[in-house]
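[1] Quick one, structure for this:
(2 chains)
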Amino acid sequence: MKVTGAQAMMKCLEEQGVEVIFGFPGGAVIDIYDELMKTDIQHVLVRHEQAAVHAADAYGRVKGDVGVALVTSGPGATNTVTGIASAYMDSIPIVVFTGQVPTALIGNDAFQEVDIVGITRPCTKHNYLVKNVEDLVPTIREAFHIARTGRPGPVLIDLPKDVVAAKIKFPEPKPVKMQSYRPTYEPHPGQIQKACKAMLKAKKPVVYAGGGVIASNSNEELTELAKNLHMPVTMTLMGLGGFPGTDPLSLGMLGMHGTYTANMAVANCDLLIAVGARFDDRVTGKIDAFAPNAKIIHVDIDPTSISKNVGVDIPIVADCKHALAAMNNYLRTSADFDSDDLKEKHTPFLSQIDEWKKKHPLGYIQDDEKIKPQFVVEKLHQLTKGDAIITTEVGQNQMWAAQFYHFNHPRAFMTSGGLGVMGYGFPAAIGAQMAAPDRTVIDVAGDGSIQMNIQELATARQYKCPVKIAILNNSYLGMVRQWQELFYDKRYSGTDIEVAPDFVKLAEAYGAVGLRASKPSEVEPVIKEALATNNTVIMDFVISREEGVYPMVPAGKATTEMLLV
Amino acid sequence: MKHTISVLLQNKPGVLSRVTGLFSGRGFNIQSLSVAETLDEGISSLTLVTAGDDNIIEQITKQLHKLIDVIKVIDVSETDFVEREMVIIRVNAESHTRAEVLRIIDIFRGKVVDVSPKSYAVEITGSVSKVKAVIDILKPIGIQEIVRTGTIAMARAKKS
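    Predicted coordinates for the structure are as follows:
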């Protein structure tokens, strides 16, 4: 029996285990929407296509699988670009379906035609234009395979309207085999041995864990390795939750807004073990001064990440989970490995770390007058018992969330790390809530960035997502203002956004709940009320206007050159 | 340093732009590029000449390999290899230079492929340095037009 391309697509999505699609319909995808309605797949209608991609991104992160978005041609497609680029930078597996004008019209500047495959070529892991209906199902299978394997990433499939309307016999499922795409999962045993020997020899080792630990679900293997060898662990923004943030061996985040201790430890270590991280400029600061005295081990599934920015002594191309497990195995059977010996050997370094922690902990001073944003995040942590899924926008709110919500578990922190997308957090919260309906999901937002996708209040309401938005409201585009304060003589060009909606009334206009706290004493009651409310809630925290994020490493400086207050 | 890189890739629409987009997007430079299908019409072979220090060349080969449609990447200049380029040159051939042009072409084992009363179009094949030498010698006589294929290259087979 023959089916249409759209019907085949639905069968194929079910075969891939897709349960939720975030999307927005239009002329070019109307046939697909017609079939989607007949399936058990839940469609979440966003109010802007960018939000569909961010929601799919966070949905995938929480589930540990591929998120899916579906949009129409032309503007529907171009609106997804920011979301796709963000997922690409953060290595998040998503598949984005875009409608396209009929094949006969491609290239004719037809209504709502755009070369989205050309536009997204540099920001997708791979992309496709399906020109024949026979190619449709194999392409979808290949796209999911590419998105979820190797270094994960976004894959886009462009679907001309006539292709999804044409008929085919549905091809039976078979494993995807690709001649030119075979990621390396297993580490080279010789490299594992070299790495383990270096770890046993080191006096001052530091583990530097990135998003690869989360993507590969290797937090347990990492924790085992670090604890057995008594090695302190610092995490990148994307790696938070990969190692328990409240563990004594945790140094917190490193880099531009990392902890004093993490940056000092990296600068003074004799062995740096990078796991699923990519030596991003926000982490390294001035490259020459980054871990200057250390031998470097780098585990990454993507060979291009290795020795891209910083030369590496022991490269290991592998899935982090496989590599860490191999290290743990090797050490278990190694005659040279004695956990107590290592503890003794590392004691001077670990005591130095304790001193650094005591000397310059992350901190702030909360008075009775003005709410400090850090206090809000700490209260959120306390009142959710550290168990919430936190999403963030981008800027100060993101850094305060990263610094003060001490993540103990992976897949609990969703942020646009690489691209830095203002407007990511709220749609991401909706995606996360769809993936985990029973969890508390909080978007830590700024008053600037929340307005970039505020229209999604309607989506949250429509699908009864009880997400909580905590706006740290300083009436500034705070991070840029902070740079202007520090490096541009307080010339606040374009960063004062005093004219803003009344967020409480705005929430109410959408049928959500709006709460406001203007004094420190009001913070806890507002959070408690929000958490007890089974509805979308905006908490508007009017915070101290010129509070900054510290420590801060000025751009291009060594990470030891931190501004501390 | 100059490197000649040979790439096997899927013969699909858009693949070439993935390669060139990678170079422009990451700030690598392409000195020449030549591409055509192999015996297997589903697979194309591409030769590109680029320059950079060891780190850059390492990134270029890794990044090329990362492209989903790329099957194989070989830096042939790391091994013993043969490289050839073909050039067609339309050169002035007035009565007083016609014989001279023919003599030069003969020395370089070139061929005349088009003749007009005032010019010859000549075809020369050889290494990059040979092509450069021909161009340098013909320049004073007057080159009207020049078209080059860009370098193609192949690693030499093992002799034993």
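[2] Those residues of chain A touching chain B, which are they?
    A:117-118, A:121-122, A:125-126, A:129, A:146, A:178-181, A:302-304, A:307-308 (CB under 8 Å from any CB of the partner chain). Placement of C-beta: from N, CA and C, glycine included.
[3] As a check, name the ranges of all strands in chain B.
    For chain B, the strands defined by DSSP state E cover B:2-10, B:30-37, B:43-51, B:70-75, B:81-92, B:111-116, B:119-126, B:143-148, B:152-155.
[4] nearest to chain A, of the ones you listed?
    Nearest of those to chain A, taken as CB to the nearest CB: strand B:70-75 at 4.3 Å.
[5] Okay, buried residues for the closest one please.
    When burial is assessed from 16 or more other CB atoms under 10 Å in any protein chain shown, strand B:70-75 yields the following buried residues: B:Val70, B:Ile71, B:Val73, B:Ile74, B:Asp75.
[6] Quick one: work out the angle between that strand and strand B:81-92.
    90 degrees (axes from the mean of the first three to the mean of the last three CA atoms, to 10 degrees).
[7] one step back: go back to the buried residues of strand B:70-75 and keep what's next to chain A.
    Within the buried residues of strand B:70-75, those near chain A by CB under 8 Å from any CB are B:Val70, B:Ile71.
[8] Kindly reformat the buried residues of strand B:70-75 as a markdown table containing pLDDT.
    Formatted as a markdown table, these follow (pLDDT from 0 to 100):
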| residue | pLDDT |
| --- | --- |
| B:Val70 | 97 |
| B:Ile71 | 96 |
| B:Val73 | 96 |
| B:Ile74 | 95 |
| B:Asp75 | 95 |
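[9] Quick one: low-confidence residue ranges for chain B.
    Of all residues in chain B, none has pLDDT under 70.
[10] need the residues of it near chain A, please.
    So far as CB under 8 Å from any CB goes, chain B lies against chain A at B:9-10, B:13-14, B:17-18, B:21-22, B:25, B:55, B:58-59, B:62-63, B:65-66, B:68-71.
[11] Narrow those residues to those that are buried.
    B:9-10, B:18, B:22, B:58-59, B:62-63, B:66, B:68-71.
[12] want to throw the residues you listed into JSON lines with distance to A:Pro361?
    Shown next, in JSON lines, are these (distance: CB to CB, whole Å):
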{"residue": "B:Leu9", "distance to A:Pro361": "53"}
{"residue": "B:Gln10", "distance to A:Pro361": "54"}
{"residue": "B:Arg18", "distance to A:Pro361": "48"}
{"residue": "B:Leu22", "distance to A:Pro361": "44"}
{"residue": "B:Glu58", "distance to A:Pro361": "41"}
{"residue": "B:Gln59", "distance to A:Pro361": "39"}
{"residue": "B:Lys62", "distance to A:Pro361": "40"}
{"residue": "B:Gln63", "distance to A:Pro361": "41"}
{"residue": "B:Lys66", "distance to A:Pro361": "41"}
{"residue": "B:Ile68", "distance to A:Pro361": "46"}
{"residue": "B:Asp69", "distance to A:Pro361": "50"}
{"residue": "B:Val70", "distance to A:Pro361": "49"}
{"residue": "B:Ile71", "distance to A:Pro361": "53"}
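[13] Check these and tell me the two furthest apart.
    Across those, the longest distance by CB to CB is 23.6 Å; it joins B:Gln10 and B:Glu58.
[14] Domains of chain B: list them as residue ranges, please.
    B:2-78, B:83-155 (automatic domain parsing).
[15] Output those as CSV; include the columns distance to A:Ala58.
    Formatted as CSV, those follow (distance: least, CB to CB, whole Å):
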stretch, distance to A:Ala58
domain B:2-78, 25
domain B:83-155, 46
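[16] Go through these and name the closest to A:Gly150.
    domain B:2-78 (9.1 Å).
[17] Let me know the angle separating the top helix by length along chain B from strand B:30-37.
    In chain B, assigned by DSSP state H, the helix with the most residues is helix B:54-66. Per the same axes, to 10 degrees, the angle that helix B:54-66 makes with strand B:30-37 is 30 degrees.
[18] Just the residues contacting helix B:54-66, thanks.
    For helix B:54-66, contacts defined as CB atoms under 8 Å, 6 or more residues apart in numbering or on different chains pick out A:302-304, A:307-308, B:1, B:3, B:5, B:7, B:19, B:22-23, B:26, B:28, B:50, B:52, B:70, B:73, B:75.
[19] Mark which of those residues are buried, thanks.
    A:302-304, A:307-308, B:3, B:5, B:7, B:19, B:22-23, B:28, B:50, B:52, B:70, B:73, B:75.
[20] pLDDT value on the residue of the stretch 451-565 of chain A found nearest chain B, please?
    Proximity of the stretch 451-565 of chain A to chain B (CB to the nearest CB) peaks at A:Gly556, 18.6 Å away. Note on A:Gly556: pLDDT of 91.
[21] One more: A:Pro410?
    For A:Pro410, pLDDT reads 98.
[22] likewise the one 4 residues further on?
    What the model reports as pLDDT for A:Met414 is 97.
[23] Surely it and A:Ala58 touch.
    Yes - counting by CB atoms under 8 Å, A:Ala58 is a contact partner of A:Met414 at 4.5 Å.
[24] Give me the number of neighbouring residues for the closest residue to A:Thr415 other than its chain neighbours.
    For A:Thr415, ignoring the flanking residues on the chain, the nearest one in space by CB to CB, 6 or more residues apart in numbering or on different chains is A:Thr392 at 4.5 Å. Neighbourhood size, A:Thr392 [other CB atoms under 10 Å in any protein chain shown]: 32.
[25] send the alpha carbons of the longest helix of chain B over as PDB?
    Taking C-alpha atoms only, helix B:54-66 is exported to PDB below (Å, rounded to 0.1, in the frame of the first residue of the first chain):
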ATOM      1  CA  ASP B  54      51.200  22.800  11.100                       C
ATOM      2  CA  ASN B  55      48.300  23.700  13.400                       C
ATOM      3  CA  ILE B  56      46.200  25.200  10.700                       C
ATOM      4  CA  ILE B  57      46.800  22.300   8.300                       C
ATOM      5  CA  GLU B  58      45.900  19.900  11.100                       C
ATOM      6  CA  GLN B  59      42.600  21.800  11.700                       C
ATOM      7  CA  ILE B  60      41.900  21.900   8.000                       C
ATOM      8  CA  THR B  61      42.300  18.200   7.500                       C
ATOM      9  CA  LYS B  62      40.300  17.500  10.700                       C
ATOM     10  CA  GLN B  63      37.500  19.900   9.800                       C
ATOM     11  CA  LEU B  64      37.300  18.500   6.300                       C
ATOM     12  CA  HIS B  65      37.000  15.000   7.700                       C
ATOM     13  CA  LYS B  66      34.300  16.200  10.000                       C
END
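[26] That one vs strand B:2-10, what angle?
    10 degrees.
[27] count of neighbours near the nearest residue to A:Leu383 once chain neighbours are set aside?
    Of all residues not flanking A:Leu383 in the chain, A:Ile527 sits nearest, at 5.1 Å (CB to CB, 6+ apart). When neighbours are counted by other CB under 10 Å, A:Ile527 registers 24.
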